[in-house]
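A.B. asks: here is my input, please return the structure:
(2 chains, ligands or ions: 2)
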Amino acid sequence: MTQLALVIDLNVCVGCSACVTSCKEWNTSGSAGPLVDERPYGADPTGTFFNRVQTFEVGEFPATETVHFPKSCLHCEDPPCVPVCPTGASYKRKEDGIVLVDYDKCIGCKYCSWACPYGAREIDEKQKVMKKCTLCVDRIYDKNLAEIDRKPACVKACPTSARLFGDIHDPESVVSIAIRENGGYALMPEWGTHPANHYLPRRKTNLKIHEDELERADNPLKKDGKLPKPSKNEPSLDDISSW
Amino acid sequence: MNPAFSVIFLTTLIGAGQGLFLALFTEQSYAVFHLLPRQGGGFYAAGSLIALVLLAAGLAASFFHLGHPERAWRAASQWRTSWLSREVIALPAFMGVVFCYAVAHWLDMNWVIATLPGGAVVDFTVLLGAVGTILAFVLFGCTGMIYACLRFLREWNSPLTVINFILLGGASGFILAAFYASVAAPELSSFFGAWAIILVLLGLAGRGASLIRNRRLRPKSTMQTAIGVKHPKIVQKTQGSMGGSFNTREFFHGKDAAFLKLVRPGFLLAAFIAPLGLLGLSLSSPATLGLAFLFNYVGLIAERWYFFAEANHPQNLYYQTIG
Ligand code: SF4
Ligand code: SF4
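C.D. replies: Ligands and ions are numbered 1, 2, ... in the order given. You can find the predicted model right below:
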């Protein structure tokens, strides 16, 4: 079974909101019609977004850290929002685990949004239907796009590669490896929703440089021994410019 | 949560309608066993019609909650998993039976179905009334479970929610029945009134219990589990919107704590204490009983408002600061 998901690396996210803009652009231009945007340049703008970047300050000044926290539907493996829907408009796809809303069936009762602990669903006040992240289901399978572009718009947009996309049920996928090796975790595990999307924690990056790494021990020019040892400021194979 | 008036009216109106029907059939059941004088068909028919009007008004109010009321029929499809869907089926079914009950009484369709040992006669109207009673409770159950089944809305996630829907709906229905009887069959108003007092007292106990329970609740979700950072001090700087969103409108009541503090004693007074006082004053005067129902109903609107406002959704953790 496949469960597509995003893994978001809080260690690299810089809070630029490129994913938010890219998501909005892609999803407002699709066949489902625009995502509402009211008074976008007014004093009190509001609208529907699938993805928002929030910012939190952790700690007490001066020992604080700023955490940028992108949040969208987590495509829960046990989604509480789905069984409560009276019309069947909300459903979870068997083939890839994406949770979707059928905009033609939704009656806009908002009950599913009450049933999502993460606030991931937002009603479209113009179309009067419930909307949420689709994992760019209209993109990731599109054969007209180059293979490299068959990824959610947010993933493509992220300048720091803080967003990974893949199948968390495949232990060898980039997302599974990232979760496994970097302490990936789920949000609000207390509700047993088993979110598919995971987050990678902030972590300290330490780089230890050993003496022999400053001067390459395996430098063929040195190993060979036949050639005279080049002086340190002569060009080497590493700086190919002058060869 | 932000209380929606469509849902407040839906739940309070159908509650009163269900209660009134249950009151009428309670009286008829007493009459079957010769404990009370059986009334003419017109009494039950007109009473059920009033119940039907309340139910229809509630149903109409519910449509204002929907973005696409023209698709409402679809809401009957997921009865296997959704309590909302079950309510969508139970409400019209109950209304249908109440309508049949009214018609059967109106046309005196008193066909005998069985005679119990002891001489109690079960006729066609009794059968309809029994089916209606079952459906009334099914409907109370569905309405209550819509809220009680949401496990992370912990203020609602308790059997007390369902129990209170039954008790509060029953109380308002029986007060209304007492008022109706004081006009249409004065010898019955004290019967309904006595039941009303019992139900108002039980309702007060049930609602009081849920208020106490909710005051003691400690949130399971915290800022720490919400974003997965263990540090005890986390402050939101921006929620990713400059002017609010669906998330800030749907899940916050928009009033301050002082207002909430005012509503709580307000509804306890209007929905329970005032009707008890008025019922204590007189079980026969239409004016007093009418006033009791009015107080109770207005109180229940406030009670329902508070019911929604009090529920604190965990998503609110993500929506604290606009910036
Ligand atoms: S994050 Fe919310 S909307 Fe998305 S699947 Fe989970 S419960 Fe449903
Ligand atoms: S708002 Fe739409 S998707 Fe959500 S529960 Fe209602 S009908 Fe289903």
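
A.B. asks: next, name the residue at the spatial heart of chain A.
C.D. replies: When CA atoms, centre = their mean is applied to chain A, the residue found nearest the centroid is residue A:163 (3.2 Å).

A.B. asks: isn't it up against residue A:6?
C.D. replies: Yes - counting by CB atoms under 8 Å, residue A:6 is a contact partner of residue A:163 at 5.8 Å. In this view, the C-beta of every residue, glycine as well, is placed from N, C-alpha and C.

A.B. asks: ignoring the adjacent residues along the chain, who's closest to residue A:80?
C.D. replies: Take residue A:80 and drop its neighbours on the chain: the residue closest to it by CB to CB, 6 or more residues apart in numbering or on different chains is residue A:115, 4.7 Å away.

A.B. asks: can you read off the pLDDT for the one you found?
C.D. replies: With respect to pLDDT, residue A:115 scores 97.

A.B. asks: what is the burial count for it?
C.D. replies: By other CB atoms under 10 Å in any protein chain shown, the residues close to residue A:115 number 23.

A.B. asks: and the gap between it and ligand 2?
C.D. replies: Residue A:115 sits 8 Å away from ligand 2, going by CB to the nearest ligand atom, to the nearest Å.

A.B. asks: list the contacts for that residue?
C.D. replies: Going by CB atoms under 8 Å, 6 or more residues apart in numbering or on different chains, residue A:115 touches A:80-81, A:84, B:150.

A.B. asks: circling back to that earlier point, any idea how far the residue nearest to the centre of chain A lies from residue A:176?
C.D. replies: Per CB to CB, to the nearest Å, residue A:163 is found 15 Å from residue A:176.

A.B. asks: cool, and residue A:89?
C.D. replies: In terms of CB to CB, residue A:89 sits 31 Å off from residue A:176.

A.B. asks: so the two - more neighbours on which side?
C.D. replies: Between residue A:89 and residue A:176, counted using other CB under 10 Å, residue A:89 has the larger neighbour count: 26 against 20.

A.B. asks: mind telling me what element residue A:57 is part of?
C.D. replies: strand A:51-60 (DSSP states H and E).

A.B. asks: that strand - what's its average pLDDT?
C.D. replies: Here strand A:51-60 scores 96 as its mean pLDDT.

A.B. asks: so what strands line up beside that strand?
C.D. replies: Using DSSP bridges, the strands paired with strand A:51-60 in its sheet are strand A:63-72 (antiparallel), strand B:234-238 (antiparallel).

A.B. asks: could those go into JSON lines alongside mean neighbour count, distance to ligand 2 and mean pLDDT?
C.D. replies: Below are those laid out as JSON lines (neighbours: other CB atoms under 10 Å in any protein chain shown; distance: least, CB to the nearest ligand atom, whole Å; pLDDT from 0 to 100):
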{"stretch": "strand A:63-72", "mean neighbour count": "18", "distance to ligand 2": "17", "mean pLDDT": "96"}
{"stretch": "strand B:234-238", "mean neighbour count": "17", "distance to ligand 2": "26", "mean pLDDT": "96"}
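
A.B. asks: turn those strands into TSV, including distance to residue B:270.
C.D. replies: Output for the strands paired with strand A:51-60, formatted as TSV (distance: least, CB to CB, whole Å):
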stretch	distance to residue B:270
strand A:63-72	41
strand B:234-238	38
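
A.B. asks: name the nearest residue to the residue of the stretch 1-150 of chain B found nearest chain A, ignoring sequence neighbours.
C.D. replies: Across the stretch 1-150 of chain B, the shortest distance to chain A (CB to the nearest CB) belongs to residue B:67, at 2.0 Å. Setting aside the residues directly before and after it, residue B:67 is nearest to residue A:108 in space (CB to CB, 6+ apart), at 2.0 Å.

A.B. asks: pretty sure the one you found contacts residue A:125?
C.D. replies: No - look at residue A:108 against residue A:125 with CB under 8 Å: they stay out of range, at 9.6 Å.

A.B. asks: looking at those two, which one has more neighbours?
C.D. replies: More crowded of residue A:108 and residue A:125, by other CB under 10 Å: residue A:108, with 21 against 15.

A.B. asks: separation between that one and ligand 1?
C.D. replies: Applying CB to the nearest ligand atom, the value for residue A:108 to ligand 1 is 15 Å.

A.B. asks: swap in residue B:241?
C.D. replies: Separation of residue B:241 from ligand 1 (CB to the nearest ligand atom): 18 Å.

A.B. asks: now do the contacts for residue B:69.
C.D. replies: By CB under 8 Å, 6+ apart, the contact list for residue B:69 reads A:107, B:63.

A.B. asks: now chain A against chain B: closest residue?
C.D. replies: Relative to chain B, the nearest point of chain A is residue A:108 (2.0 Å; CB to the nearest CB).

A.B. asks: burial measure for the closest residue to ligand 1 within the stretch 201-323 of chain B, as a count.
C.D. replies: Ligand 1 sits closest to residue B:315 of the stretch 201-323 of chain B, with a gap of 8.9 Å, by CB to the nearest ligand atom. Using other CB under 10 Å, residue B:315 is surrounded by 22 other residues.

A.B. asks: touching both of residue A:163 and residue A:6, which residues are there?
C.D. replies: With contacts taken as CB under 8 Å, 6+ apart, residue A:163 and residue A:6 have A:152, A:154-155 as neighbours in common.

A.B. asks: just checking: which of the contacts of residue A:115 also lie near ligand 1?
C.D. replies: When contact is defined as CB under 6 Å from any ligand atom, the contacts of residue A:115 meet ligand 1 at A:80-81.

A.B. asks: out of the contacts of residue A:115, which one sits closest to ligand 1?
C.D. replies: Of all those, ligand 1 sits closest to residue A:81, with 3.4 Å by CB to the nearest ligand atom.

A.B. asks: wouldn't that closest one be in contact with residue A:101 here?
C.D. replies: No - using CB under 8 Å as the test, residue A:81 is too far from residue A:101 to be in contact (9.2 Å).

A.B. asks: mutual contacts of these two, please.
C.D. replies: A:90, A:112, A:121.

A.B. asks: okay, and which of those map to strands?
C.D. replies: Those of the shared contacts of residue A:81 and residue A:101 mapping onto strands are residue A:90, per DSSP state E.

A.B. asks: buried subset of the shared contacts of residue A:81 and residue A:101, written for ChimeraX?
C.D. replies: ChimeraX command restricting these to the buried ones, with burial defined by 16 or more other CB atoms under 10 Å in any protein chain shown:
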select /A:90,112,121
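
A.B. asks: go ahead and name everything in contact with stretch B:41-52.
C.D. replies: Under the criterion CB under 8 Å, 6+ apart, residues B:17-18, B:20-21, B:23-24, B:28, B:95, B:98-99, B:101-103, B:105-108, B:110, B:125, B:173, B:176-177, B:180, B:184-185 lie in contact with stretch B:41-52.
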